[in-house]
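Student: What follows is a predicted structure for the sequence shown.
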Amino acid sequence: MRLDKVLADLGFGTRKELKQLIRSGRVSVNGTAASDPGMHVDPLKDEILLDARRLAYEKYVYFMLNKPKGIVSATRDASETVLDLIHEPYRDLFPCGRLDKDTEGLMLITNDGPLAHQLLSPKHHVEKEYLVTIRKALDDQDRKRMEEGMRLQSGEVFRPAEVIPVSDHQIRLILKEGKYHEIKRMLLAVGNEVTGLKRLRMKNLVLDETLEPGEYRRLSEDELQSLRAPEDFTSSTPVSQ
Ligand code: URA
């Protein structure tokens, strides 16, 4: 990989800025000052120093964010996005999936496109679990409709969801798809209304409740392995109350 690309991926500047930085002699590779921005390096093996500080290059990084309400989960927007909450030097980070602006909870932020594709592809039916606060109690018929799957007047179909009652005004809902405003539209279709929505889990990755809204941390190795495991070989477990 080109030396200037490694530094750019780590967020040390634009390729143009990095060319200058490298030519100024501030970067060394395996103990020798580098002068060629196009020099080929292996960022996982070579010792690369910037101003005598060792750079730790990781191709892919994974952060669990407790998304607060009021922030959009886009990569770019006129207003603040979830990426503005991640203070890391890595470029090309993106949120894995979308949550509405007023939804809070678990959000995976990564630069691992293949894993995100695996988690988000409609083919893989990855489970997402939410704590849903509703305006009024669900009756058995509403619950049955949601559990059997429903067809809206528009013809759109929602696949069966698992409904776990928590209290009169709260349910936990497990979906295996992620359509636009799905939970809000599902509840509207049974004459109810979502007044609060929090994502608790995606596949086997459970929101770390010690994270305050807006806080994030790296995924542990175990969390990452269970996200990567093929769906057939893992048993996704609902979040215990
Ligand atoms: N369903 C919704 O309606 N909104 C979300 O943010 C997620 C699922």
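Tutor: Everything's here; your move.
Student: for the record, mean pLDDT for stretch 87-103?
Tutor: For stretch 87-103, mean pLDDT rounds to 91.
Student: In that stretch, which residues have enough neighbours to count as buried?
Tutor: Y90, L93, F94, P95, C96, G97, L99, D100, T103 (16 or more other Cβ atoms under 10 Å). Any C-beta I mention is one placed from the backbone N, CA and C, and that applies to glycine too.
Student: if I pick the second one, what's in contact with it?
Tutor: Looking back up the chat, that one is L93. Residues near L93 by Cβ atoms under 8 Å, 6 or more residues apart in numbering: V61, F63, L83, I86, I109, T110, N111.
Student: What does the pLDDT read for the fifth one?
Tutor: You'll see I109 listed with a pLDDT of 98.
Student: That one: neighbour count?
Tutor: 23 (other Cβ atoms under 10 Å).
Student: from the buried residues of stretch 87-103, which two are the most distant?
Tutor: Y90 and D100 (25.6 Å; Cβ to Cβ).
Student: what about dumping the CA coordinates of the lengthiest strand in the chain to CSV?
Tutor: Looking across the chain with DSSP state E, the single longest strand is strand 194-202. Presented in CSV, the C-alpha positions along strand 194-202 are these (Å, rounded to 0.1, in the frame of the first residue of the first chain):
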residue,chain,number,x,y,z
VAL,A,194,-44.8,4.9,18.8
THR,A,195,-43.8,7.5,21.5
GLY,A,196,-40.3,6.2,22.1
LEU,A,197,-38.0,3.9,20.3
LYS,A,198,-34.6,2.4,21.3
ARG,A,199,-32.6,-0.3,19.6
LEU,A,200,-31.3,-2.9,22.0
ARG,A,201,-29.7,-5.5,19.8
MET,A,202,-28.5,-6.3,16.3
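Student: re the thing from before, quick check, nearest of the contacts of L93 to the ligand?
Tutor: Using Cβ to the nearest ligand atom, I109 comes nearest to the ligand of those, at 15.9 Å.
Student: can you tell me the helix or strand for the closest one?
Tutor: Secondary structure assigned from DSSP states H and E places I109 in strand 104-110.
Student: tell me the angle that strand makes with strand 194-202.
Tutor: Angle, strand 104-110 to strand 194-202, by axes from the mean of the first three to the mean of the last three Cα atoms, to 10 degrees: 40 degrees.
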